[in-house]
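Student: here are the coordinates; sequence isn't available:
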């Protein structure tokens with residue numbers, strides 16, 4: 001007798017993950033076919049110290065069992081065992097009558113991939129399958145949650161600067177001195193920021209926020225037509241499974257595969273030949289990633305383990321990481337000797353008044369602004385969404401207004417409240433557990449206007465200190 005322990009055996013339990021929808025547990029199982037028809041199996045769920053299945057759970061897998069209960073023409077011994085497993089543990093079967101496997105040698109369709117769940121969530125999930133095999137012999141299974149009120153996070157909309165109409169932006173983003181002459185510095189900064197963003201919304205297109213498709217360099221119109229023809233032949237065979245339709249599908253599939261391989265070889269040689277000593281390292285690695293088909297992955301955090309609990313709500317994750325970052329940068333993280341010295345020095349009053357006018361206190365000039373702007377790299381924008389590319393495409397008149405604003409801040413010694421905010425991005429530390437909130441380092445994205453003024457001040461102070 002062979003016993004398949006679904007909840008504990010490592011060979012059968014391939015993957016276990018947490019679902020963000022009310023902490024469901026999803027497991028994926030694969031059970032091999034029996035070596036002989038006389039061999040008997042026992043399939044059961046056992047509690048184990050290694051792996052537990054907390055309820056509610058969803059069990060997905062290729063269980064290699066046939067039963068009329070899930071749409072098969074007949075029931076075999078493995079199917080009876082699975083039926084007994086479902087009945088003995090009071091489980092529910094999500095499958096409908098859709099086929100999940102195409103057996104090419106016999107050109108027949110079967111249902112061997114099952115979705116089993118606990119009764120408490122049975123009515124909340126809908127089962128369906130894709131129509132395309134995607135070059136496999138199993139149809140992809142789709143489990144759809146019945147609650148349409150669930151909102152999934154989207155990527156924040158970003159400006160597409162490669163498609164920007166910069167001449168139009170320069171004209172409609174024209175700033176006036178009146179915008180920067182408000183009595184309040186914060187109001188002046190807000191006026192200029194809103195005017196630049198309004199012009200950007202008109203002249204610069206934005207992304208939709210949807211998950212981007214992974215671009216393949218070998219995909220061209222010729223292969224796209226071959227791929228569409230393969231899908232047409234497959235749809236015809238799926239509706240009318242005749243020998244002629246099956247042969248046409250195999251021919252179309254072979255043709256699409258041949259075109260794909262030819263395109264892969266051609267694009268590989270083209271990209272390799274384009275790498276030479278005159279390109280930058282970033283451009284070279286971008287080409288290498290395209291050749292390998294790898295793309296930058298996002299740093300979305302699905303859940304964190306905090307104080308022995310699993311936290312999956314977005315606001316709770318943000319608060320936990322914020323508390324960790326705040327603690328690291330607070331006085332609590334300083335050594336006692338340094339903390340005492342810091343407290344002592346901060347008691348001393350600083351006098352910034354002087355009887356003479358120092359050159360480093362003089363108003364900023366257009367030359368300083370232009371030099372700082374030319375050295376600015378296209379880094380990510382801060383909470384105000386003003387990007388460096390927008391500042392570089394402002395007119396000369398608008399830059400003079402920006403300079404007027406900077407000089408007001410410099411002479412009035414009033415720092416804008418909007419510039420005190422930042423978007424903090426948690427970056428996981430390499431080789432560390434991504435579910436531990438202590439294994440992240442913060443990257444603060446501040447206002448590009450603020451960084452531009454900081455660059456002007458820093459350049460001036462470095463010049464006088466090194467003189």
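Tutor: Here it is on my side, so go on. What you see is a predicted model, and the numbers here were worked out from it, not measured in a lab. Residues are numbered from 1 along each chain as shown.

Student: got any ranges where the chain has weak pLDDT?
Tutor: Where the chain drops to pLDDT under 70, the residues are 1-53, 148-153, 212, 293-299, 355-356.

Student: again, only this time at 80
Tutor: Across the chain, the ranges flagged by pLDDT under 80 are 1-55, 147-155, 209-215, 289-300, 350-357, 467.

Student: Domain ranges for it, per the record?
Tutor: 58-145, 158-210+358-466, 221-292 (the TED database).

Student: I'd like to know which of these lies nearest to residue 306.
Tutor: Closest approach to residue 306 among the domains of the chain (CB to CB): domain 158-210+358-466, 5.9 Å. Every residue, glycine included, has its C-beta placed from N, CA and C.

Student: related to what we said a few turns ago, quick one: the domains of the chain as JSON lines, columns for distance to residue 300 and mean neighbour count too.
Tutor: Listed next are the domains of the chain as JSON lines, based on distance: least, CB to CB, whole Å; neighbours: other CB atoms under 10 Å:
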{"stretch": "domain 58-145", "distance to residue 300": "19", "mean neighbour count": "16"}
{"stretch": "domain 158-210+358-466", "distance to residue 300": "10", "mean neighbour count": "15"}
{"stretch": "domain 221-292", "distance to residue 300": "20", "mean neighbour count": "14"}
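
Student: Next, format those as JSON lines and append distance to residue 320.
Tutor: Converted to JSON lines, the domains of the chain look like this (distance: least, CB to CB, whole Å):
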{"stretch": "domain 58-145", "distance to residue 320": "26"}
{"stretch": "domain 158-210+358-466", "distance to residue 320": "5"}
{"stretch": "domain 221-292", "distance to residue 320": "32"}
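
Student: do you know which of these lies nearest residue 339?
Tutor: Taking the domains of the chain one by one with CB to CB, domain 158-210+358-466 is closest: 21.2 Å.

Student: Just give me how far the closest one sits from the chain centre.
Tutor: Distance, stretch centre to chain centre, for domain 158-210+358-466: 26 Å (CA atoms, centre = their mean, to the nearest Å).

Student: longest helix of the chain?
Tutor: helix 243-273 (DSSP state H).

Student: Starting from that one, tell me the next helix or strand along the chain.
Tutor: Moving toward the C-terminus from helix 243-273, the next helix or strand (DSSP states H and E) is helix 281-292.

Student: Run the angle between that next one and helix 243-273 for me.
Tutor: Interaxial angle, helix 281-292 versus helix 243-273 (axes from the mean of the first three to the mean of the last three CA atoms, to 10 degrees): 160 degrees.

Student: next SSE after helix 281-292?
Tutor: strand 304-306.

Student: hmm, back to that, does anything pack onto the longest helix of the chain? Which helices or strands?
Tutor: Contact analysis of helix 243-273 by 3 or more CB pairs under 8 Å, 6 or more residues apart in numbering; DSSP states H and E lists helix 221-239, helix 281-292 as its packing neighbours.

Student: Redo these as a markdown table? Include distance to residue 275.
Tutor: As requested, the helices and strands packed on helix 243-273 are arranged in a markdown table below (distance: least, CB to CB, whole Å):
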| stretch | distance to residue 275 |
| --- | --- |
| helix 221-239 | 24 |
| helix 281-292 | 6 |
